[in-house]
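Novice: okay, sequence plus prediction incoming.
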There are 4 protein chains.
Amino acid sequence: MGDKSSQKRKYIIEKAREVFHTNGYKTVTMKDIVQACEISRGGLYLYFSNTKELFQAVLEEENDNISDILESDRAKNSTPGENMLLYLSAQKNDILKKNDNLSVAVYEYMFLNRSEENDLFKNKFENEVSALEKLISEGVEQEWMVCENPAQAAVHILHTIEGMKIQAQTIGISSKDIDKEIEYILGTVGLVLE
Amino acid sequence: MGDKSSQKRKYIIEKAREVFHTNGYKTVTMKDIVQACEISRGGLYLYFSNTKELFQAVLEEENDNISDILESDRAKNSTPGENMLLYLSAQKNDILKKNDNLSVAVYEYMFLNRSEENDLFKNKFENEVSALEKLISEGVEQEWMVCENPAQAAVHILHTIEGMKIQAQTIGISSKDIDKEIEYILGTVGLVLE
Amino acid sequence: MGDKSSQKRKYIIEKAREVFHTNGYKTVTMKDIVQACEISRGGLYLYFSNTKELFQAVLEEENDNISDILESDRAKNSTPGENMLLYLSAQKNDILKKNDNLSVAVYEYMFLNRSEENDLFKNKFENEVSALEKLISEGVEQEWMVCENPAQAAVHILHTIEGMKIQAQTIGISSKDIDKEIEYILGTVGLVLE
Amino acid sequence: MGDKSSQKRKYIIEKAREVFHTNGYKTVTMKDIVQACEISRGGLYLYFSNTKELFQAVLEEENDNISDILESDRAKNSTPGENMLLYLSAQKNDILKKNDNLSVAVYEYMFLNRSEENDLFKNKFENEVSALEKLISEGVEQEWMVCENPAQAAVHILHTIEGMKIQAQTIGISSKDIDKEIEYILGTVGLVLE
DNA sequence: CATGAATGAGAGTTCATTCAT
DNA sequence: GATGAATGAACTCTCATTCAT
């Protein structure tokens, strides 16, 4: 039974993700989910009591593999410069493939619950900072990059990416615009695209 | 009469601004506004038909004087370096004084209406880019700054600031964190705080 | 003053008539009238307290000259047969010229107030019956028509006309259909169109 | 379940019919229905979205068996003359038993929706015309009636009946008045009551 | 007289949530 | 577990009606 019901739980989360993706977070009603899942109203409540709980479950299933890139096998065999480019390209990809990215819903969720302790997001941010910082430090050590303050550089790059993400979701951003920004970012750590 | 009613209009906008500030955009109902204004249900509808209309009115009243800083009298008598610092300090201020900043509501509004052409925000962004670019170009000419691509530097700085704003509204950012980022940003255009 | 205000009263009635004509009776609101008249809300209330009062005023101004036809000068110089045709043609005209006929509003008004004594409409009906009956009696006396019971024939013809009116306002009736019915009606009193 | 809900649907229609009967069509609100049914606001909306939908459902349940009379078993064993009388008596009955007749609501409904294609009512009228025409034709063939144009006679009789119905709902009509009219109508097709 | 801003009652509609089956 | 009918709270919006100016 645990099996069966956990399967159903996954199914609901999957469908809910689609709904959150298209509608954002706040607009979504339990009714929307029920309809998307084609299950009964009461049935949904057996698994989740409200959209917040559901969205948190969606987030838990979500693997943000972007920062994983820096720990991947491929990364281990590449130079820091190549990895930085790899990382930024993955971000570009994420920004552009609006088709499968929850960011608006995530922003809405964070805004709505900004008073609560959102350790999940804090940790994510900090992890990403650490990974980037490490990368930059290595780059500097191996003399691929020039940077006096790798820790702040990492924060800075994440801020810039965040800014692009927001731009993408609001006034829009073109692939070319992202490329230019990536080139500029690379420049700030002394990297130049050949 | 036109006078009186325009006064009341302003009053409603003012109160509505407070509501949007504390509650964001989407959650706000006409009822909330009615209560905040202490007027009658129907009374509000004489002035605004829905929260969207109201929010747009709030936005119109909103003077984003931050970018005006660069055109102010004070700016004219200062060096580009001083002005850049001035501008970034103003942004810091804006980020920190959550008490009086509509950004969450604005983001929500933009997300919700992202399919529509939001020229207002596009223009705002572009104007800000232009002003910053001009500042940086002058800085470079007068040899206060070092920058090969002032246009992209302007965009980059705005992305970074946007990223900080989002961080402030989600996982939080400290005054000190902002200072560090500002220092770093200044570094990217060859400016060093003494 | 009596003059001025009675002029305004007439003006309101005129405009109200247009509104009732296009919208029927029950749907019409005081607001509709105010807008049609381009006067102030309060101003309208100086003259009429509600739509019922207004509609009654409209009705009072309304001259249903159709039955007058039978008393007109022209009628006096014509044969009963000609007059019957004249009368029915006038009715046809009225049925077709929807553009200027209040009937839907009148029906609605009567339905809504069917519990009240509607002497106005009763009298109208009875007057019309009398006029028609007199016409038929004359026709029979002068041997233009054949009818054993002119009183009932009059009632019958009015019922038939009423039926056509309703048909016109509901499922629709063509000019040709009316002609056929008129011919048939004439036949029932022994008249044949050459 | 399908069973249960269809039972409730019927129940609502039944209660709604009562409400439409007493209040006509346009005045009726969803709230009125809710109160008459003693169910919850939301409950009603599970079945019907507005009064128009409800009224249409009421109409669909409504069997206008009057014209069925002409196809009934009883009719098959009677002479055309008897059937005509039967039919007109049924109409009389319908006109008089105001307690159970929706006509005002129907008229209101038709007036309000007169711009739409109301095939329902058109078809009903045409079917009734056909049935009556057939009856008259038979009557003429079997020499019970005299009529040169049975088709138009049918239309004519329906107009007359419609006229009586309207009179009943507006200025009122007595049983005796209807009898006189019925006798007259029979006369127009050469039938005389013994 | 005339204006039109303001009020508040009331209709419409949608959903979160419960509960009998 | 699962269903979906039912409830009722909460919102939106429109007008009749009043009243200070």
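Specialist: Received it, and whenever you're ready, just let me know what you need. Numbers count the residues shown, from 1 in each chain, chains lettered A, B, ... in the order given.
Novice: give the contact list for the closest residue to A:Arg17 other than its chain neighbours.
Specialist: Nearest residue to A:Arg17, sequence neighbours excluded (CB to CB, 6 or more residues apart in numbering or on different chains): A:Val58, at 4.9 Å. Where you see a C-beta, it was placed from the backbone N, CA and C, and this is true even at glycine. Residues near A:Val58 by CB atoms under 8 Å, 6 or more residues apart in numbering or on different chains: A:13, A:16-17, A:20, A:102.
Novice: show me where chain A dips below the pLDDT cut-off.
Specialist: A:1-4, A:65, A:98-100, A:194 (pLDDT under 70).
Novice: repeat that with 50
Specialist: A:1-2 (pLDDT under 50).
Novice: now do the residue nearest to A:Arg17 against chain C, distance only.
Specialist: Between A:Val58 and chain C the distance, using CB to the nearest CB, to the nearest Å, works out to 48 Å.
Novice: element containing that residue?
Specialist: Taking DSSP states H and E as the criterion, A:Val58 maps to helix A:51-61.
Novice: pull out the buried residues from that helix.
Specialist: Burial within helix A:51-61, assessed by neighbour count using 16 or more other CB atoms under 10 Å in any protein chain shown, is assigned to A:51, A:54-55, A:57-59.
Novice: so which of the residues you listed also contact DNA strand E?
Specialist: Among these, the residues lying close to DNA strand E (CB under 7 Å from any atom of the strand) are A:Thr51.
Novice: show me which of the buried residues of helix A:51-61 is closest to chain C.
Specialist: A:Thr51 (39.9 Å; CB to the nearest CB).
Novice: stretch A:74-87: which residues count as buried?
Specialist: Across stretch A:74-87, burial judged by 16+ other CB under 10 Å covers A:75, A:80-81, A:83-87.
Novice: what's the domain layout of chain A?
Specialist: Listed by automatic domain parsing, the domain ranges of chain A are A:2-61, A:67-188.
Novice: tell me the phi and psi of A:Lys10?
Specialist: In terms of degrees, to the nearest 10, the main-chain angles of A:Lys10 are phi -60, psi -40.
Novice: neighbour-wise, which one of the contacts of A:Val58 leads?
Specialist: For the contacts of A:Val58, the largest neighbour count, defined by other CB atoms under 10 Å in any protein chain shown, is 26 neighbours, found at A:Phe20.
Novice: what are the ranges of the helices in chain A?
Specialist: A:2-23, A:30-37, A:41-47, A:51-61, A:73-76, A:80-96, A:103-112, A:119-141, A:150-169, A:175-188 (DSSP state H).
Novice: and those as TSV, adding distance to C:Ile69?
Specialist: TSV is the format used below for the helices of chain A (distance: least, CB to CB, whole Å):
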stretch	distance to C:Ile69
helix A:2-23	67
helix A:30-37	64
helix A:41-47	67
helix A:51-61	72
helix A:73-76	99
helix A:80-96	80
helix A:103-112	73
helix A:119-141	86
helix A:150-169	74
helix A:175-188	81
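Novice: returning to what we had before: nearest to chain C, of the buried residues of stretch A:74-87?
Specialist: If you rank the buried residues of stretch A:74-87 by distance to chain C using CB to the nearest CB, A:Tyr87 comes first, at 62.8 Å.
Novice: residues contacting A:Tyr109?
Specialist: Shown in contact with A:Tyr109 (CB under 8 Å, 6+ apart): A:25, A:52, A:55, A:59.
Novice: repeat that for 10 Å
Specialist: A:20, A:24-26, A:51-52, A:55-56, A:58-59, A:102, A:118, A:121, B:170 (CB atoms under 10 Å, 6 or more residues apart in numbering or on different chains).
Novice: also A:Leu86?
Specialist: Contacts of A:Leu86 (CB under 10 Å, 6+ apart): A:69-70, A:72, A:74-75, A:78, A:135.
Novice: among those, which two are most distant?
Specialist: The most widely separated members of the contacts of A:Leu86, counting by CB to CB, are A:Arg74 and A:Leu135 (13.5 Å).
Novice: joint contacts of these two?
Specialist: Common contact partners of A:Arg74 and A:Leu135 (CB under 10 Å, 6+ apart): A:83, A:86.
Novice: near DNA strand E, which residues of chain A?
Specialist: Residues of chain A lying near DNA strand E (CB under 7 Å from any atom of the strand): A:29-31, A:41-42, A:45, A:49-51.
Novice: can you do 6 Å?
Specialist: With CB under 6 Å from any atom of the strand as the criterion, chain A meets DNA strand E at residues A:29-31, A:41-42, A:45, A:49-50.
Novice: just among those, which is most surrounded?
Specialist: Result: A:Met30 is most packed of the residues of chain A next to DNA strand E (other CB under 10 Å), 15 neighbours.
Novice: that residue contacts A:Phe55, doesn't it?
Specialist: No: contact between A:Met30 and A:Phe55 fails when scored by CB atoms under 10 Å: they sit 11.7 Å apart.
Novice: what residues are shared contacts of the two?
Specialist: Joint contacts of A:Met30 and A:Phe55 (CB under 10 Å, 6+ apart) are A:Phe48.
Novice: circling back: farthest-apart pair in the residues of chain A next to DNA strand E, please.
Specialist: A:Thr29 and A:Gly42 (15.3 Å).
Novice: touching, A:Asn23 and A:Asp32? I think so.
Specialist: Yes: A:Asn23 is in contact with A:Asp32 according to CB under 10 Å; the separation is 6.8 Å.
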